[in-house]
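S.K.: sequence unknown, structure follows:
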């Protein structure tokens, strides 16, 4: 019944935020005559999962899904195809499910095709799922635009910030860009935490009082003994090493256990296939998984034993969300330090250091209370400082009305990577259509073909392109125009690990 504005929904992982936030949005929109519900999600894997749930409830005609894996048309010909394309371009539907990249880069864009969605955002209920994933280096412009969206004098929308690990966005002297007023939808937080208290955290210490260092063989032995376990690491190289160690030890012992690997070295279609295989295994049956944090936020997996390499506090808590998710017994999360610590740079690395410091001060650190996350994010924002909240100077460019520069500099995901197309699954059919266009020397519907190739791509750092081109691992697929695609030219694509070159596996990309 409260008027449109800012709300938070803080519920432990696995607590049903997908449906609870939508239930609130519908009742709130009906009460205040708001026009649509927009669900903003950071990862495509979660979007496809949540959009399927919403379609089952509301029907296909109500839910519009918009992200890079969606084709310009979702089927059909003629008028139906044109109507679908127009709906995607204009967000003309009661329920929109989109990515954080699509949403925020539309708000900061100067291109007509993005700007024409602006009036659809006004007077809507906007649900931001996994809001803790918003990048620290863009917090100043992002929080500024959130205030504008919630202002009755500007967009007049209602915002719901959903997560199990609520960031410290409230205004304070040390965080002047923060949000001044918002309402938590869950009034009795302690009761909710008690209801979902399904995981035991194992914060063991070594002789120096630090988180213990474990070799891959030690982790492997414990996982195999449990027979059903997940280990989440920080970088792709570690996930590949652990997967190989699991296979080697099982082979040496004559054990036949299902072993899987998940990381962004695998194209999205490959990852979806592996997830489907894992989900098909009953929760009481053996299953071993080595993965990067691509499995953490919103991925519906359940293991009684989860290992997590030391990382940011919110990442550790998200890993716990894959532990005893269905409440079938008791779950244990063990946090450890790999023998060769390796972390992504910037805020992630700072976050891991803060997590280690918090653990050193409090051996029994409780990851089930909002106070822990408020303390963690406050420390993180203090470390990065005001310059770190707007690294690209977006706010200065906005004040100068330099909209072209704003659009160029605002990148929710760093664009120092290049999409490499993998010959996987149905990709061959799309490549054949693309080659036909090139032989006819016509561009045709390149945008549509590009979208259809997205599920078969892996991102590599651009600095690796030239060595791989010289080795003839890569060749230009589309050499001109706006879509810089490269084709992985070798036949080798590991059916378990994905794209593994010496260069690719050494990357510290999640």
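M.R.: Everything's here; your move. Note that the structure is predicted; figures quoted are calculated from it, not measured.
S.K.: C-alpha only now, for contacts and for neighbours.
M.R.: Fine.
S.K.: What lies in contact with the longest helix along the chain?
M.R.: Ranked by number of residues, the top helix in the chain under DSSP state H is helix 370-389. Here helix 370-389 makes contact (Cα atoms under 8 Å, 6 or more residues apart in numbering) with 136-140, 165-168, 174-175, 313-314, 347, 350-351, 354-355, 365-367.
S.K.: List buried members of these by neighbour count.
M.R.: 136-140, 165-168, 175, 313-314, 347, 350-351, 354-355, 365, 367 (16 or more other Cα atoms under 10 Å).
S.K.: Can you flag which of those belong to helices?
M.R.: Using DSSP H, these in helices are 139, 140, 313, 314, 347, 350, 351, 354, 355.
S.K.: correct me, but the second one touches residue 390?
M.R.: Going back to what we said before, that points to residue 140. Yes: using Cα atoms under 8 Å, residue 140 is in contact with residue 390, at 5.5 Å.
S.K.: Wasn't residue 156 part of a helix?
M.R.: No: Residue 156 is assigned coil when assessed by DSSP: H, G, I helix; E, B strand; the rest coil, not a helix.
S.K.: and the gap between residue 6 and residue 158?
M.R.: For residue 6, the distance to residue 158 (Cα to Cα, to the nearest Å) stands at 6 Å.
S.K.: which one of these two has more residues nearby?
M.R.: Neighbour totals were compared for residue 6 and residue 158, and residue 158 leads with 27 against 22 (other Cα atoms under 10 Å).
S.K.: Could you pull up the contacting residues of that one?
M.R.: Taking Cα under 8 Å, 6+ apart, we find residue 158 in contact with 4, 5, 6, 7, 123, 124, 125, 126, 149, 150.
S.K.: Between residue 6 and residue 158, which contacts overlap?
M.R.: Contacts common to residue 6 and residue 158, judged by Cα under 8 Å, 6+ apart, are residue 150.
S.K.: follow-up on the earlier one: could you dump the ones in helices among the buried ones among the contacts of helix 370-389 to TSV with distance to residue 186 and pLDDT?
M.R.: Listed next are these as TSV, based on distance: Cα to Cα, whole Å; pLDDT from 0 to 100:
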residue	distance to residue 186	pLDDT
139	25	95
140	27	96
313	22	91
314	19	89
347	29	85
350	30	92
351	27	92
354	28	93
355	26	91
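S.K.: in the chain, which strand has the most residues?
M.R.: strand 331-338 (DSSP state E).
S.K.: That strand pairs with which strands?
M.R.: Here strand 331-338 is paired, per DSSP bridges, with strand 199-202 (parallel), strand 213-214 (parallel), strand 305-309 (parallel).
S.K.: Now tell me which of those the model trusts least on average.
M.R.: Of all those, the segment with the smallest mean pLDDT is strand 199-202, scoring a mean of 66.
S.K.: Output the lowest mean pLDDT helix or strand found in this structure.
M.R.: helix 502-505 (a mean of 44; mean pLDDT, DSSP states H and E).
S.K.: for the stretch 401-510 of the chain, what are the low-confidence residue spans?
M.R.: Flagging of the stretch 401-510 of the chain using pLDDT under 70 yields the residue ranges 414-416, 438-447, 462-492, 501-510.
S.K.: Please disregard the earlier target; I meant the stretch 151-300 of the chain.
M.R.: Using pLDDT under 70, the stretch 151-300 of the chain drops low at 189-209, 297-298.
S.K.: Would you state the helices of it in chain order?
M.R.: Counting by DSSP state H, counting those that start in this stretch, the segments of the stretch 151-300 of the chain that form helices are 189-195, 216-226, 236-253, 268-279.
S.K.: Run the chain-centre distance for the third one.
M.R.: Helix 236-253 has its average C-alpha position 25 Å from the chain's average C-alpha position, going by Cα atoms, centre = their mean, to the nearest Å.
S.K.: can you give me the strands for the stretch 401-510 of the chain?
M.R.: With DSSP state E, counting those that start in this stretch, the ranges of strands along the stretch 401-510 of the chain come out as 417-421, 457-461, 474-478, 485-488.
S.K.: Of the contacts of residue 158 - the most surrounded one?
M.R.: Highest neighbour count within the contacts of residue 158, by other Cα under 10 Å: residue 125, with 29 neighbours.
S.K.: so what's that residue bridging to?
M.R.: Residue 125 has these beta-bridge partners by DSSP bridges: residue 37, residue 158.
S.K.: In contact with it, which residues are there?
M.R.: For residue 125, the contact set (Cα under 8 Å, 6+ apart) comprises 25, 28, 29, 34, 35, 36, 37, 38, 157, 158, 159, 160.
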